[in-house]
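# give me a model of this one.
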Amino acid sequence: MQNFNNKHPLKNKIQELLNSSGTEKIECFHKMLNYTIQIFESQGIGRDYYGFHNIDHELEVTYITLLAALWEKKLQKLDQKDIEYLYTAALFHDFDPQKSVDRPHEESVIQFISMDIELKKLINEAELDIEIIKALILRTSYPWAGEFKEKPEMLMKECFQRSKITKDDPEKQSHYEELGWFLSVADRIGGYAMGDFSNAMEKAKKNAHAFAWHQSTIARMSVNFFETLLNNESKMCRRVLHALPEKTRKNFMDTVLSFMKLRQDEIRIESKFEYENQKFQTRAESLEERNSDEFITSLTEIYNELPQPLQLQKSSFAKSILNPNTILTTLRLNDDSNTIIGYAKGGPLEDYQLYAGIKDENYGKKNTIFLEPIAMRVGYWGLGGGTRLRKVFSLLANSKRYRYLTSFALRDLIQKRMGSENVEFVAMLDPEHWDYYRVDLLGGIV
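As a prediction, the model looks like this:
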């Protein structure tokens, strides 16, 4: 199996924490770490995976959980075995290599770890009870309410009854339920405590893309996520945060405040359009207008705000702006500077390498224009600018005698347009529901 371990900077930090943890099974826990990285990378859910729940997330949660747990051990709130259970459960909490959707499915995870021979061997070598590990993982189901709580909670009870350690022992069951809650909160804090706001924003964009959420919902959903964590689970949230170093706590709280400020900015922008006569202008950009460093820099900044899976042809983006075959229209504000806040860009289908598995029957016929993912500055999504850009781009493509337009969009948005526009699915991409569609431009402007 290919060695992927060296490209994960958190691996060394986790190993350092393990080495200081006092465990007698240090070699075994290092093997678990290496095995997890190998499996995630070899199954295509490594660092380049489109969604939020990749190997980076797994390692971040493991690091934060272990960091907080070791502090609690110093305070004698947790013992050595608790540390080992939390580490193992954190490392495997999203261990679902054959996942069909990005959202973690805890039942699939425990089924996989129950069947994986190498993993069971390592757990036995560490002298841990796999039923307790499964119970801790089940507790990471989110939100812990309604259907997301009822079945996992029932399965946890079954795990406790199968475990020789917890069978018919309510006190020990309650202890491991609390450890599972500790892990669940560390899971949600982990990814947002490891870097600055730009790092957190990229994770939020990936999460939105993987869950097929429109980009206009990113700030709103993020604020709701943090408020629920801080208010509804305040006891455990405070406990985990207090067990983390000051810098890590500050990273997390700065991220929370930044998302709240972003949401306030969105509301302020919306208010300007609603009550202060702020308007959009669309402009078809000529080659002469595009040929300035300021213009290219502005578009590149907007392009970089797209989720990474939507950043097509990243290495040649600036060059493509000056390509005479590129159709480009911008969305601007009606302010003194005509500030660019979005764009729609595309070119002949043959200039693009589509995702693996997509076959377009018109490829090579030079009758199809490909519209790249529309890009807009954060704060301006959801105000109708994307629709305007798409329509102007389609008119320009029609004027250049293209018969078809193809692009990617969220499945539900394509389905909504099918009733009124000449739209058809070409390829439906799972699990992210970011589908490839075609429009017959002779059948009406999209």
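
# and the helices in the stretch 51-200 of the chain?
Residue ranges of the helices in the stretch 51-200 of the chain, as given by DSSP state H, counting those that start in this stretch, are 55-74, 80-92, 106-115, 117-125, 130-138, 147-162, 170-190, 197-210.

# adjacent strands (with direction) for the lengthiest strand in the chain?
Scanning the chain for the longest strand, with DSSP state E as the assignment, gives strand 340-348. The partner list of strand 340-348 in its sheet, established with DSSP bridges, is strand 327-333 (antiparallel), strand 368-371 (antiparallel), strand 375-376 (antiparallel).

# give me the contacts around the first one.
Right, strand 327-333. The contact list for strand 327-333, computed with Cβ atoms under 8 Å, 6 or more residues apart in numbering, reads 278-285, 290, 299, 321, 338-347, 369, 376, 380, 385, 388-389, 392-393, 396-397, 400. Placement of C-beta: from N, CA and C, glycine included.

# picking that back up, outside of the longest strand of the chain itself, list whatever touches it.
Defining contact as Cβ under 8 Å, 6+ apart, one finds that strand 340-348 is touched by 295, 298-299, 302, 320-321, 323, 325-333, 366, 368-372, 374-377, 380, 385-386, 389-390, 392-393, 397, 407.

# got a quick PyMOL command for the buried subset of the residues you listed?
Buried members of the contacts of strand 340-348, identified by 16 or more other Cβ atoms under 10 Å, are gathered into one PyMOL selection as follows:
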select buried, resi 295+298+299+302+320+321+323+326+327+328+329+330+331+332+333+368+369+370+371+372+374+375+376+377+380+385+386+389+390+392+393+397+407
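
# hang on, the earlier thing: out of the strands paired with strand 340-348, which comes closest to L230?
Comparing those against L230 with Cβ to Cβ, the closest turns out to be strand 375-376 (29.4 Å).

# quick one: buried residues of the longest strand of the chain?
Under 16+ other Cβ under 10 Å, the buried positions of strand 340-348 are 340-348.

# and the residues you listed, which is closest to D265?
Within the set of the buried residues of strand 340-348, I341 lies nearest D265; the separation is 12.6 Å, counting by Cβ to Cβ.

# how about the contacts made by the closest residue to that closest one other than its chain neighbours?
The shortest distance from I341 to any residue other than its chain neighbours is 4.6 Å, reached at R377 (Cβ to Cβ, 6 or more residues apart in numbering). Contact criterion Cβ under 8 Å, 6+ apart gives 302, 305, 341-342 as the residues in contact with R377.

# which of those residues lies closest to D82?
Minimum separation from D82 among the contacts of R377 (Cβ to Cβ) is found for E305, which lies at 41.9 Å.

# and the nearest residue to that closest one once chain neighbours are set aside, what does it touch?
For E305, ignoring the flanking residues on the chain, the nearest one in space by Cβ to Cβ, 6+ apart is V378 at 5.9 Å. Residues counted as contacts of V378 (Cβ under 8 Å, 6+ apart) are 201, 218-219, 262, 266, 305.

# that older thread, so can I have CSV of the strands paired with strand 340-348 showing mean pLDDT?
Rendered in CSV, the data for the strands paired with strand 340-348 read as follows (pLDDT from 0 to 100):
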stretch, mean pLDDT
strand 327-333, 97
strand 368-371, 97
strand 375-376, 95
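
# relative to M428, which of those is closest?
Evaluated with Cβ to Cβ, the strands paired with strand 340-348 place strand 368-371 nearest to M428, the distance being 17.7 Å.

# what lies in contact with the closest one?
Looking at what lies outside strand 368-371 - Cβ under 8 Å, 6+ apart - the contacts are 327, 344-349, 351-352, 360, 362, 390, 393, 397, 400, 402-407, 438.

# if we go to 6 Å?
Counting by Cβ atoms under 6 Å, 6 or more residues apart in numbering, strand 368-371 makes contact with 346, 349, 352, 362, 393, 397, 402, 404-407, all of which sit outside it.

# starting at the chain centroid, how far to that strand?
Here strand 368-371 shows a centroid-to-chain-centroid distance of 27 Å under the convention Cα atoms, centre = their mean, to the nearest Å.

# and if you look at stretch 373-384?
Using Cα atoms, centre = their mean, the mean C-alpha position of stretch 373-384 is found 18 Å from that of the whole chain.

# got the CA coordinates for that stretch in CSV?
This file holds the C-alpha atoms of stretch 373-384, laid out as CSV (Å, rounded to 0.1, in the frame of the first residue of the first chain):
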residue,chain,number,x,y,z
PRO,A,373,-19.4,27.9,-11.8
ILE,A,374,-20.7,31.4,-11.3
ALA,A,375,-18.6,33.3,-8.7
MET,A,376,-19.6,36.1,-6.3
ARG,A,377,-18.2,37.9,-3.3
VAL,A,378,-19.4,36.6,0.0
GLY,A,379,-22.4,38.6,1.2
TYR,A,380,-24.0,39.0,-2.3
TRP,A,381,-25.4,35.5,-2.8
GLY,A,382,-29.1,35.1,-2.7
LEU,A,383,-30.0,38.6,-4.1
GLY,A,384,-30.6,37.5,-7.7
